[in-house]
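> here are the coordinates; sequence isn't available:
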């Protein structure tokens with residue numbers, strides 16, 4: 001791709017990327033506040049504002065390793081141009097809107113990865129794939145909910161043992177306070193991992209147009225714009241998905257909410273520092289099922305969890321299909 005893309009078109013593409021980030025916050029707002037809402041520690045409107053604040057300040061805590069992976073580790077940056085970026089974003093946005101409308105918490109992260117793959121394959125075939133980064137990301141699809149599940153299960157067992165001599169009222173009161181800290185950490189992890197995905201998209205677009213010189217990097221204004229877009233989306237987040245995540249999967253006490261959020265936050269922090277773009281939806285769902293299973297296997301509502309798993313399975317192929325169709329359609333109308 002040459003560096004002659006008209007500036008208004010470049011601005012328009014950046015706006016579409018920020019729209020994806022906004023929808024990511026809207027769609028995934030439930031991930032960081034579902035437990036604190038379901039335990040009735042905070043009302044939904046206050047919980048959303050709480051999560052939005054920590055989503056925004058995440059850039060001050062984490063590096064930009066995830067943005068690097070998205071920009072250069074899924075498909076080769078040399079084949080990425082404005083056409084590929086546009087098709088990838090449309091694929092991800094369409095799938096996000098479909099699942100948001102259905103109240104189904106699928107993964108915005110994997111929708112974006114699917115979008116990139118679909119557009120890249122449509123342009124140049126399988127040679128565009130960066131197998132090292134792609135295999136690491138696909139492995140995280142399996143590991144992130146599993147690690148969240150195991151950490152939450154372990155934390156629940158430890159905390160239950162430590163609190164065995166305390167009265168239920170004392171335990172409930174203590175963990176209502178502690179849940180503010182765990183929800184903050186999870187929101188921080190959500191903002192740190194998810195916003196970086198759009199940073200990577202915008203940065204590789206600027207790189208393809210020659211605005212970053214010869215080396216891939218993420219400008220600071222891109223960091224701030226992406227964190228702000230995600231925080232704004234979180235502020236307007238959907239209660240429908242909160243209800244699915246926090247109430248339908250399993251009923252939670254403040255202690256269990258604390259364990260789910262802490263297990264999920266630990267998973268996200270590790271992934272973000274390692275530069276792995278994981279799904280916050282996968283992670284918190286695994287953690288919520290984990291605390292339910294710690295009580296007894298039947299406490300986790302496995303039928304709801306399984307329907308969510310099906311949405312995960314279809315996310316990458318569906319977003320890739322929409323992205324590839326968008327690429328071919330725009331090619332037919334003259335975009336080369």
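Perfect, thanks for sending it. A quick note: this is a predicted structure, and the numbers were derived from the prediction, not measured.

> list the helices and strands the biggest helix by length in the chain packs on?
Of all the segments of type helix in the chain, defined by DSSP state H, the longest one is helix 168-208. Here helix 168-208 touches helix 7-38, helix 44-56, helix 65-72, helix 82-101, helix 108-124, helix 220-235, helix 254-274, helix 280-295, going by 3 or more CB pairs under 8 Å, 6 or more residues apart in numbering; DSSP states H and E. C-beta: built from backbone N, CA, C; applies to glycine.

> rerun at 6 Å
helix 7-38, helix 44-56, helix 65-72, helix 220-235, helix 254-274 (3 or more CB pairs under 6 Å, 6 or more residues apart in numbering; DSSP states H and E).

> now do the shortest one: distance to the chain's middle.
Okay, so that is helix 65-72. 14 Å (CA atoms, centre = their mean, to the nearest Å).

> ok, and the closest non-adjacent residue to residue 257?
residue 35 (3.8 Å; CB to CB, 6 or more residues apart in numbering).

> what about that neighbour, how many neighbours?
Per other CB atoms under 10 Å, the neighbour tally for residue 35 reads 31.

> what average pLDDT does the longest helix of the chain get?
For helix 168-208, mean pLDDT rounds to 88.

> give me the pLDDT value at the nearest residue to residue 206 once chain neighbours are set aside.
The spatial neighbour of residue 206 that comes closest, neighbours along the chain excluded (CB to CB, 6+ apart), is residue 212 at 5.3 Å. Residue 212 is assigned 85 on the pLDDT scale.

> report the buried residues of stretch 43-56.
44, 47-48, 50-56 (16 or more other CB atoms under 10 Å).

> actually, stretch 213-220.
Buried-residue list, stretch 213-220, by 16+ other CB under 10 Å: 216, 218.

> neighbouring contacts of stretch 199-214?
The contact list for stretch 199-214 (CB atoms under 6 Å, 6 or more residues apart in numbering) reads 1, 3, 5, 14, 17, 67, 70-71, 77, 80-81, 85, 216, 218, 222-223, 226.

> from the chain's centroid, how far away is that stretch?
That offset, for stretch 199-214, works out to 22 Å (CA atoms, centre = their mean).

> I'd say residue 327 and residue 119 touch.
Yes: in this structure, residue 327 is within contact of residue 119 by CB atoms under 6 Å, at 4.9 Å.

> could you pull up the residues touching residue 77?
residue 204.

> residue 256 too?
Counted by CB under 6 Å, 6+ apart, residue 256 has contacts residue 291.

> over to the one 3 residues further on?
Residues counted as contacts of residue 259 (CB under 6 Å, 6+ apart) are 152, 155-156, 291.

> in strands, which of those fall?
Counting by DSSP state E, the contacts of residue 259 place none of their members in strands.

> which residues do residue 327 and residue 119 both contact?
Common neighbours of residue 327 and residue 119 (CB under 6 Å, 6+ apart) are residue 87.

> who has more neighbours out of these two?
Neighbour count, other CB under 10 Å: between residue 327 and residue 119, residue 119 has more, with 33 against 25.

> and the gap between the more buried one and residue 44?
36 Å (CB to CB, to the nearest Å).

> would you mind checking the average pLDDT for stretch 272-286?
85.

> got a list of contacts for it?
For stretch 272-286, contacts defined as CB under 6 Å, 6+ apart pick out 28, 31, 62, 65-66, 69-70, 105, 107, 109-110, 136-137, 140, 144-145, 148-149, 190, 192-194, 197, 264, 267, 271, 308.

> before we move on, the earlier item: SS state for the residue nearest to residue 206?
coil (DSSP: H, G, I helix; E, B strand; the rest coil).

> pull the number of nearby residues for it.
For residue 212, using other CB under 10 Å, the count is 16.

> now it. Its backbone dihedrals?
phi -110, psi 10 (degrees, to the nearest 10).

> the residue found closest to residue 286 once you drop the neighbours it is linked to in the chain: what secondary structure?
Closest residue in space to residue 286, ignoring its immediate chain neighbours: residue 145 at 3.1 Å, by CB to CB, 6+ apart. Three-state assignment for residue 145 (three-state DSSP): helix.
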